[in-house]
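Chemist: for reference, the sequence and a predicted model appear below.
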Amino acid sequence: MGVSLSDLLLLVTSVCWLVLPLLAAFDRRDTNRVLWPWLEAGGALALLAFACCGPREMVAPHPFALGLVPIAFHLDALAAWFLAIIALITLAVAPSLHGYMESFRERIDMRGFWICASLLPASMASVVLAANAQTFLVAWEIMSLSSFVLVVSDHASRSTRTAGAVYLGATRVGTGCVAGAFIWLYELTGKWSFDSWHVAGTAAVGPALLLLIGLGVKAGMWPFHLWLPLAHPAAPSPVSATMSGLMVKVALYAMIRFFLWPGHVVTPVIGHLLLALGAISAFWGVLFALLQHDLKRLLAYSTVENVGLIIMGIGLAVICRTQPSPHSSLLSAVGAVALGAALLHVWNHAFFKSLLFIGAGSVDHGAGTRDLDRLGGLARPMPVTFACFLLGSAAICALPPLNGFASEWLLYQSFFRFGCLSSTPLFRFLALGTIGWIALVGALALSCFVKVTGITFLGQPRSSAVGAAHESPRGMLVSQGVLALGCVVLGVGAPFVLELLRPLTGPSLRAAFTLPIPTLVFTLLLGLAVGALALLRPVRSYVTWECGFGPLNARMQTTAASFAQPVARLFGSLYRYVVDTRVEGRHRRHFPEAVTVQPAVRSILASRLYLPVLASIDRLARRLVRLQGGSIHVYLLTMFLTLWILVLIGRFF
Amino acid sequence: MTALALYLANIVVLPLLLIGLIRKGKARLLNRAGPPLFGPFYDLWRLLRKEEVVSETTTLVFRAAPLVNLAAVLAVALMVPWAGAASPLRGDLFLAIYLLALGRFAVGLAALDAGSAFGGLGASRESTVSIQAEPAMVCAFVALAARAHSSSFQAMFAASPADGLGLVLVPLVLVALWLATMAELARMPVDDPTTHLELTMIHETLFLENSGPNLALTEFTVALKSVVLLGLCAQVARMPWAGLPPWTGEPLTLALIGLAALVVVVTESTAVKMRWRRLPNFLSFALVAALLACLLVALKG
C-alpha cells in the first residue's frame, strides 16, 4: 500500500493546521509569532493541491470511529470546488493576521485565538469532505464552536458578548435541525452514509424542511439571518472575512449536496422555497445594508444579500431538476446554468467579501473607528487600502468586466432561459419578474457601495481622529492586493473558470457564456484612452465651490443617513423608518440653537417574531425553575412521573 | 463602408446635434430665437481649450471618473444595432444595463469626492432614481427578449411583430421605456435640466465641480447616453415596420429620434417638474407597463 501524492498533501495540511494549535497553546513567550500565519498559509497551499487531485474516498482505520460509524471522507467534484475556495481564501487572508492582531495582543487571549483560527479552516474542510452523518456533524460542531470562540475574542466589550450569545443560540438551533434531519433520514434509509441516501417524493419533504432550516440558519438566509449582522462585526476583521467568505459557503455546499448534486433529498417544494426565501434574503439584506452606518455591519448585511442570490440560483436549479415537463432536456441545460451561476458566485463572493472585510479592518486599524459618520478623506493617507476597497466595491456591484458581473450575468441568463423554456405560463411570468427583482437588488447594491466607498474614503475627514489616519501594516496590504488581483483575474478569465466547472454542470454552462470579454475589455480601454487624450492639459488647484460663503467644513458633507434617506423613506413601511427631529433654543422657532436629527430603524422580524418568542421561552423557563427548588419530594415525584411516562410510551408505541 | 460611416456619425455627431435640436426647439416654442443649432459643438470646442480647475479635496477618482463614464457609455453605444446594421460589440441587454451602472458608479464617486453638500445630494438622488427606473427598463427589454428567445439586442429588434401580440407589446414596452428613459436622463417631469436651484437638481449637482475638458467629456457622455437610450426607444418603435427594405432603416431611426426630441421639447416646455416624493408614483406606471408586457409574452409562450 503505497503513499500517494494526495495522501502526502493531506498529511502536510493536517500537520500545519492541527499541530499549530498545540504549538500555539504551549507558547508562553510570544503570543503573536509570525510563524503561525505562515503555517496556516502552508496548510492552505497543501489543501489547494490536494483538491486538484482526482476524486477519492478516505476512511479512517479501525480504531478511529464515531461509535459504530467509521470516520469517512469523500472528495468529488463538488467537494473539490469548495475545498479550493477554502484553501484560496485562507491563503489570501493569512498575511493579514499577524499585523492586525498585533494591536490586540493585550486585550485578547492570543493562544485561544490561534487554536481556533486554525481549527476553523480545518473543520470547514472536514465538513466539505465528510461522507457520512456523524463525521459531518462532528466537523460542523467544531466549526461552530471554534468560530464562536473567535467571535467573542474581544469579550471585554458588552456588545461582543451579546453577539456571541445570539450566535451561539443560532448555531444550536441550526445544528439541532440538521441532526434531526439526519436522524429522520436514517429512519427512512437505515444507513448513515450519504451515498446511500436517495429519498424523493412526499417522504423527503419533512427531512428536507428540517435541513433547509438548519442549513439556512448557518448560511444566513432570511428569516434566520439575524445573527449575521451581530456576529460578523464583533469578530476581528480577518475572522469576519473567513466567516463571511467561507463559513456561509459551507452551509451552501451542504444545501447543494443534499438538494441538488448528487441530490440525496430531492423534492420540488424545496426548490420553490429556496427561490422565494433567497429572493427575500437578497432584497432584505441589501436594503438593511443601505441603512447601516457601521462599516462591518453593512458588509454583513451585504453577505445576506449575496447568499440570497446564490440560494436563488440553487432553487432554480432544483426546480429545473424536479419539474416534469416535455422539455426536460432543455430544462436540464437551464438547471446547469443556474447551478453554474450559484457555484461561480460562491467563489466570486468569497473573494470580494473577504477583500472588503479586510479593507474594513484596515480602516479600523488606520483610522481607529468603523463608524461612517466619523470617517472620510482616507484616500490620501491610505491609498492602497482605498484602491483595493474600490475594486472590491466595483466587484460586489457586479460591474463589468470584474468577477461579480460574470456570475450575476449567468444568474440573469438562467432565469431568462427558464422564462423562455418553461411549460407553465405562471412560471414563465414569475421568472421574467424575478429578473426585474434581481435588477432592483443590483441597483440597491450600487447605491449602497457608492455610499460606503464615497463616505469612507473621499471628501474631508468627519472627525479629527480620522484626520491623523495612517496606512495599515504590510501584511494587510498584501492580503488585499492578492484578493483584488483575484477579482480582476476571475472576471476577465471567467470563461476559463467555467471550464473548471465542467464535471459538475456539463458542457452547456461554457456554451451559455456568450459575453465577448476580450472585445469588451478592449473597448473600455479604448474609451479610457480617448478620454485621457482630452485631459492632458495642466490643471489649477482651488477649493471646492462653496457659493462664495466661505470655506466648507466637514460637517456640511453628506452623512451616511442623509445619503440613504430617500431610499429609506421609499421602503419605510418594511422597517418603521422614523426620523426624529428636535430643535432646541429659547426662541427656537426663529433662532434655533441646536438641531438634532435622529433616524430610527426597527426590524419587524426581530421585534414581532424573535423577541416575543424568546420572551415567552424565558417566562416558561422561569416557571420551570421552581422544579429545582431543592425539595427532595419534588425531585422524587419528577423522576417517578418520567419513568411512568417512558414505560407507557414503550408499552404502547 | 457606408454602414461604418453611418455608425460613427450616429455616435459622434448625433449626440451633440440632438442636444442642439432640443435647445433650439424649446426656444422656438417659447417664441425666442434660441442658441444656434450647432451650439453644443462650439461649447465642446470652447471647453476643451479652457483651463481645468480641480478642487484640492478631490483625488484621482475625480479626474478618472469622466473617462470611465465615457468608456462605459461608448461601449453601450457600440452595442446598439443602429437601423439593423450589425453592431461591433456583440453584447446583450444585461451587459448594457450594467455598463450604464458602471458609469453611474464612477460619476457618483466623483460627486462625493469634492466633499461638498451638493455632490452627495446628487449622488444620493441619482441612485434613488435609478433604483426605481432600472427594474422597469430591464423588465421592458426582457419582455422583448423573451419573445425573441434571445437577450441580444440584434435578435430582439429583428423579431418582427407581425402577429397581434407584437402590436400590443410594442406600445406597452414603449411606454415603460419612455418613462424610464425620462427618469434616467433626468428630463422633465423628473428633473429640470435648466434649473439653477441646487436643492431641486438631481443630475446637474453631480457635475458642479467639473470644468474645462473634464466638463466637455461629461457633457458629451450625457449627450451620448441620451442618444443611446432614445435610439433604443426608436428601435423598439421601428419594430412594426421591420418589413421595409433595409436602406430605409437609418432614415426611419433618425426620424423617430427626431420625433422623440420633439416630444421632449414639448414636455419640457409645458410640463411642471414633479415633487421629488411623487417619483415612485410616476415610475410605477413604467413598472406596471413592463410587467404587463412580460405577462403577455409569458401567456403567449
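Modeler: It's in.
Chemist: residues in contact with the residue nearest to residue A:157 when sequence neighbours are not counted?
Modeler: Once flanking residues are discounted, residue A:157 sits nearest to residue A:234: 7.8 Å by CB to CB, 6 or more residues apart in numbering or on different chains. All C-beta spots, glycine's among them, are computed from the backbone N, C-alpha and C. By CB atoms under 8 Å, 6 or more residues apart in numbering or on different chains, the contact set of residue A:234 is A:151, A:152, A:154, A:157, A:159, A:160, A:163, A:164.
Chemist: one more time with 10 Å, if that's ok
Modeler: By CB atoms under 10 Å, 6 or more residues apart in numbering or on different chains, the contact set of residue A:234 is A:150-155, A:157, A:159-164, A:166-167, A:240, A:296-297, A:300.
Chemist: got it, and residue A:513?
Modeler: By CB under 10 Å, 6+ apart, residue A:513 lies in contact with A:337, A:340, A:344, A:406, A:409, A:410, A:413, A:494, A:495, A:497, A:498, A:499.
Chemist: without its sequence neighbours, what residue ends up closest to the residue in chain B that chain A sits nearest to?
Modeler: Chain A sits closest to residue B:120 of chain B, with a gap of 2.4 Å, by CB to the nearest CB. In this structure, residue B:120 finds its nearest non-sequential neighbour in residue A:558, 2.4 Å apart by CB to CB, 6+ apart.
Chemist: which residues does that neighbour contact?
Modeler: Shown in contact with residue A:558 (CB under 10 Å, 6+ apart): A:376, A:451, A:454-455, A:459, A:564-565, B:111-112, B:115-124.
Chemist: take the contacts of residue A:234 and keep only those in strands.
Modeler: Among the contacts of residue A:234, no member is found in strands (DSSP state E).
Chemist: mind giving me the PyMOL command for buried ones among those residues?
Modeler: Entered in PyMOL, the line below selects the buried ones among these, by 16 or more other CB atoms under 10 Å in any protein chain shown:
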select buried, chain A and resi 150+151+152+153+154+160+163+164+166+167+240+296+297+300
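Chemist: shaky segments in chain A?
Modeler: Within chain A, the ranges that satisfy pLDDT under 70 run A:1-2, A:30, A:325-328.
Chemist: can you tell me which residue is spatially central in it?
Modeler: residue A:244 (3.4 Å; CA atoms, centre = their mean).
Chemist: residue contacts, it?
Modeler: Counting by CB under 10 Å, 6+ apart, residue A:244 has contacts A:89, A:220, A:228, A:231-232, A:235, A:296, A:299-300, A:302-304, A:306-307, A:349-350, A:353-354, A:356-357.
Chemist: ok, residue B:209 next?
Modeler: Residues near residue B:209 by CB under 10 Å, 6+ apart: A:544-545, B:53-55, B:57-58, B:62, B:110-111, B:113-116, B:118-119, B:215.
Chemist: now with 7 Å?
Modeler: A:544, A:545, B:55, B:114, B:119 (CB atoms under 7 Å, 6 or more residues apart in numbering or on different chains).
Chemist: repeat that for residue A:393.
Modeler: Neighbours of residue A:393 in contact, by CB under 7 Å, 6+ apart: A:449, A:452, A:453.
Chemist: now swap in residue A:291 and tell me
Modeler: Contact analysis of residue A:291 by CB under 7 Å, 6+ apart lists A:564, A:568, A:601.
Chemist: near chain B, which residues of the stretch 351-500 of chain A are found?
Modeler: Applying CB under 7 Å from any CB of the partner chain, one finds that the stretch 351-500 of chain A approaches chain B through A:379-380, A:394, A:397-400, A:405, A:409, A:412, A:416, A:419-420, A:425, A:428-429, A:432-433, A:435-436, A:439-440, A:443-444, A:446-447, A:450, A:453-455, A:458-460.
Chemist: re the thing from before, hmm, which of the contacts of residue A:513 are the buried ones?
Modeler: The neighbour-count test (16+ other CB under 10 Å) marks A:337, A:340, A:344, A:406, A:409, A:410, A:413, A:494, A:497, A:498 as buried among the contacts of residue A:513.
Chemist: nearest to residue A:316 among the residues you listed?
Modeler: Closest to residue A:316 out of the buried ones among the contacts of residue A:513 is residue A:337 (8.9 Å), distances taken as CB to CB.
Chemist: what residues sit buried inside whatever helix or strand that closest one lives in?
Modeler: Using DSSP states H and E, residue A:337 falls within helix A:328-367. Burial within helix A:328-367, assessed by neighbour count using 16+ other CB under 10 Å, is assigned to A:330-331, A:333-367.
Chemist: the helix or strand harbouring residue A:409: what's the following helix or strand?
Modeler: Under the criterion of DSSP H and E, residue A:409 resides in helix A:403-421. Using DSSP H and E, the helix or strand that follows helix A:403-421 in sequence is helix A:425-457.
Chemist: which residues touch the helix or strand following that following helix?
Modeler: Of the helices and strands lying after helix A:425-457 in sequence (DSSP H and E), the nearest is helix A:464-467. For helix A:464-467, contacts defined as CB under 7 Å, 6+ apart pick out A:367, A:368, A:369, A:374, A:375, A:376, A:461.
Chemist: out of those residues, which two sit at the greatest distance?
Modeler: A:368 and A:376 (13.2 Å).
Chemist: the more surrounded of these two?
Modeler: Higher neighbour count among residue A:368 and residue A:376: residue A:376, with 28 against 15, using other CB atoms under 10 Å in any protein chain shown.
Chemist: show me what contacts residue 40?
Modeler: Going with chain A. Residues near residue A:40 by CB under 7 Å, 6+ apart: A:16, A:20, A:90, A:94, A:118.
Chemist: look at chain B instead
Modeler: The contact partners of residue B:40, by CB under 7 Å, 6+ apart, come to B:16, B:19, B:20, B:223.
Chemist: same check, this time on residue B:172
Modeler: By CB under 7 Å, 6+ apart, the contact set of residue B:172 is B:289, B:292, B:293.
Chemist: got it, and residue A:475?
Modeler: A:95, A:96, A:98, A:99 are the contacts of residue A:475 under CB under 7 Å, 6+ apart.
Chemist: what about the first one, how many residues close to it?
Modeler: Same thing as residue A:95. 25.
Chemist: those helices in chain B, which residues are they?
Modeler: For chain B, the helices defined by DSSP state H cover B:2-12, B:14-29, B:39-49, B:60-77, B:93-113, B:117-148, B:153-158, B:164-184, B:212-237, B:249-270, B:279-300.
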